[in-house]
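*Asks:* Using only what follows, build the 3D model:
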Amino acid sequence: MKAVVMRADWDPRAEARLSEAQVRDRKAPANLVWRRPSFAWEELPMPRPGVGEVLLRVRRCGVCGSDTHCYETDAEGYVLFSGPTRLPCVVGHEYSAEVVELGPGVQALRVGDLVCAEGMLGCGVCEACRVGRPNQCPRLEMVGFSAPGAYAEYIVAGERFLWNLRSLAERLGSAESALDHAALVEPIGCAFNGMFVSAGGLLPGGWVGVFGCGPIGLGAIALARAAGAAGIAAFDVVPERCALAVELGADVALHPGECDPADVLRTMSGGWGADMVVEAAGAAHHTMPAIERSFAPGGRMVYLGRTGQRAPVMLDVLVTQAAGIVGARGHVGGGCFPRILRLMERGRLPVSAMITCRLPFVRTLDALEASTDRRNGKVLVGYDDV
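*Replies:* Below you'll find the model as predicted:
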């Protein structure tokens with residue numbers, strides 16, 4: 001089968017402090033060890049499903065900001081992505097697919113079913129997994145970074161990581177539309193996990209700020225609107241993404257360099273401030289001063305944007321406002337996938353406008369390149385008829 005494979009040189013930075021296991025497994029934070037990345041089509045053996053697994057034909061796969069950060073490098077040639085990565089690896093993890101073969105022991109899925117897939121593969125037996133923290137599994141494998149990804153004609157996945165799209169297709173009246181929407185569940189799931197699982201949720205009538213209007217930020221805006229936010233202010237440096245933010249439900253979307261975001265949030269809320277701030281820009285070293293000044297009493301910041309940089313925080317602000325900062329990684333557990341699918345099925349999460357670029361599978365490398373200008377909402381590949 002054909003697939004897009006990422007390769008790079010293992011060349012740990014001098015300051016990297018790697019464990020024996022990281023060196024042995026060649027699996028470590030990518031920005032510390034992987035240099036001079038390359039992406040190319042390769043012919044790979046057809047995967048075969050094992051016990052409890054299914055073989056899937058990939059129908060859609062979104063380009064994630066993490067994929068873009070693997071594609072891009074710093075001045076020294078190291079990839080920008082800071083998550084754990086093992087190379088070479090087939091890239092891509094935001095996918096929807098069709099079941100084409102069942103492995104032994106598969107219980108609920110059938111050949112021909114359409115599914116979307118979780119990309120965080122917890123072991124299921126460690127304490128973190130067993131107490132409901134699968135995103136923090138110490139043996140976590142990540143599809144497209146340390147486990148085979150979906151920029152490929154076929155992928156094998158465990159049945160327990162898949163969600164059937166039958167109801168979504170029936171509600172939308174189209175398998176193609178269901179596949180499109182389902183490829184958005186993973187990035188929206190990252191926002192859902194941060195806002196409603198890790199941070200404890202948003203009460204209706206709350207005020208929300210979103211920094212960064214890429215797909216995860218756009219997902220946060222749509223979720224905040226669905227949750228009954230009184231007002232949402234979004235901030236991004238790209239005009240096209242600001243326009244998308246308004247289309248997805250923001251009341252205002254502004255360039256943070258052309259306004260004072262804290263003043264915008266306080267004015268919108270009548271002086272109260274933001275009950276929840278989502279940092280999806282991966283630029284906390286720039287955004288924290290405004291976020292600190294925007295906290296409402298008891299406000300929460302959800303940090304979703306990954307970066308290898310430290311960010312200064314005035315901790316006294318957290319004391320004064322009884323505010324908090326919550327970090328969140330991943331999109332599994334906490335009912336993220338089924339709840340998002342239910343909202344989509346019932347028309348309460350209108351997110352189709354997030355898809356701004358559709359390309360055929362054969363143009364996956366072009367899709368990665370297109371993602372680097374950060375003007376699109378979501379770039380999807382996998383359209384046979386484009």
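*Asks:* Does the residue lying closest to Gly200 once chain neighbours are set aside fall in a helix, a strand, or a coil region?
*Replies:* If the residues on either side of it in the chain are set aside, Gly200 comes closest to Arg300, at 7.5 Å by C-beta to C-beta, 6 or more residues apart in numbering. All C-beta atoms are positioned from the backbone trio N, CA, C, and that covers glycine. Following DSSP: H, G, I helix; E, B strand; the rest coil, Arg300 is assigned to strand.
*Asks:* confidence score at Arg300?
*Replies:* Looking at Arg300, its pLDDT is 97.
*Asks:* give me the number of residues near it?
*Replies:* 23 (other C-beta atoms under 10 Å).
*Asks:* What separation do you get for it and Ala290?
*Replies:* Applying C-beta to C-beta, to the nearest Å, the value for Arg300 to Ala290 is 16 Å.
*Asks:* Quick check, Val54 in contact with Val106.
*Replies:* Yes: using C-beta atoms under 8 Å, Val54 is in contact with Val106, at 5.9 Å.
*Asks:* And the pLDDT for Tyr383?
*Replies:* If you check Tyr383, the pLDDT there is 72.
*Asks:* same question, Gly308
*Replies:* At Gly308, pLDDT is 65.
*Asks:* what sits in contact with each of Val54 and Val106?
*Replies:* The contact sets of Val54 and Val106 overlap at Glu159 (C-beta atoms under 8 Å, 6 or more residues apart in numbering).
*Asks:* higher neighbour count, those two?
*Replies:* Val54 (26 against 19).
*Asks:* Phi and psi next, for the more buried one.
*Replies:* Backbone geometry at Val54, expressed as degrees, to the nearest 10, gives phi -130, psi 150.
*Asks:* Who does it form a beta bridge with?
*Replies:* Leu102, Ala157 (DSSP bridges).
*Asks:* Relative to the whole chain's centre, how far out is stretch 36-43?
*Replies:* 22 Å (C-alpha atoms, centre = their mean, to the nearest Å).
*Asks:* Could you do stretch 138-151 as well?
*Replies:* 13 Å.
*Asks:* Pull the number of nearby residues for Leu32.
*Replies:* 20.
*Asks:* who's in contact with it?
*Replies:* Contacts of Leu32 by C-beta under 8 Å, 6+ apart are 12-13, 16, 18, 78, 82, 308.
*Asks:* got it, and Val278?
*Replies:* Taking C-beta under 8 Å, 6+ apart as the test, what Val278 contacts is 191, 194-195, 208-212, 217, 220, 224, 301-302, 304.
*Asks:* least confident pick among those residues?
*Replies:* Leu304 (92).
*Asks:* That one against Ala191, yeah?
*Replies:* Yes: here Leu304 reaches Ala191: they are 6.7 Å apart, a contact under C-beta under 8 Å.
*Asks:* Overlap of the contact sets of the two?
*Replies:* By C-beta under 8 Å, 6+ apart, the residues touching both Leu304 and Ala191 are 216, 220, 278, 280.
*Asks:* Tell me the most packed of the contacts of Val278, by neighbour count.
*Replies:* Result: Ala220 is most packed of the contacts of Val278 (other C-beta under 10 Å), 37 neighbours.
*Asks:* Would you map the strands across the stretch 1-150 of the chain?
*Replies:* Ranges of strands within the stretch 1-150 of the chain are 2-10, 27-29, 34-43, 53-62, 84-86, 89-90, 94-102, 114-117, 120-121, 141-142, based on DSSP state E, counting those that start in this stretch.
*Asks:* which outside residues touch the third one?
*Replies:* It stands for strand 34-43. 1-11, 70-71, 73, 76-79, 85, 87, 91, 365, 368.
*Asks:* Filter these down to the buried ones.
*Replies:* 3-6, 8, 70-71, 73, 78-79, 85, 87, 91, 365, 368 (16 or more other C-beta atoms under 10 Å).
*Asks:* Using a markdown table, please lay out the strands of the stretch 1-150 of the chain together with mean pLDDT and distance to Leu349.
*Replies:* Compiled in a markdown table, those are given as follows (pLDDT from 0 to 100; distance: least, C-beta to C-beta, whole Å):
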| stretch | mean pLDDT | distance to Leu349 |
| --- | --- | --- |
| strand 2-10 | 98 | 29 |
| strand 27-29 | 96 | 32 |
| strand 34-43 | 98 | 32 |
| strand 53-62 | 98 | 16 |
| strand 84-86 | 96 | 30 |
| strand 89-90 | 98 | 29 |
| strand 94-102 | 98 | 16 |
| strand 114-117 | 98 | 14 |
| strand 120-121 | 96 | 21 |
| strand 141-142 | 97 | 25 |
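*Asks:* For the ones you listed, give me JSON lines that also has distance to Gly228.
*Replies:* JSON lines is the format used below for the strands of the stretch 1-150 of the chain (distance: least, C-beta to C-beta, whole Å):
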{"stretch": "strand 2-10", "distance to Gly228": "41"}
{"stretch": "strand 27-29", "distance to Gly228": "38"}
{"stretch": "strand 34-43", "distance to Gly228": "42"}
{"stretch": "strand 53-62", "distance to Gly228": "27"}
{"stretch": "strand 84-86", "distance to Gly228": "36"}
{"stretch": "strand 89-90", "distance to Gly228": "40"}
{"stretch": "strand 94-102", "distance to Gly228": "27"}
{"stretch": "strand 114-117", "distance to Gly228": "26"}
{"stretch": "strand 120-121", "distance to Gly228": "28"}
{"stretch": "strand 141-142", "distance to Gly228": "33"}
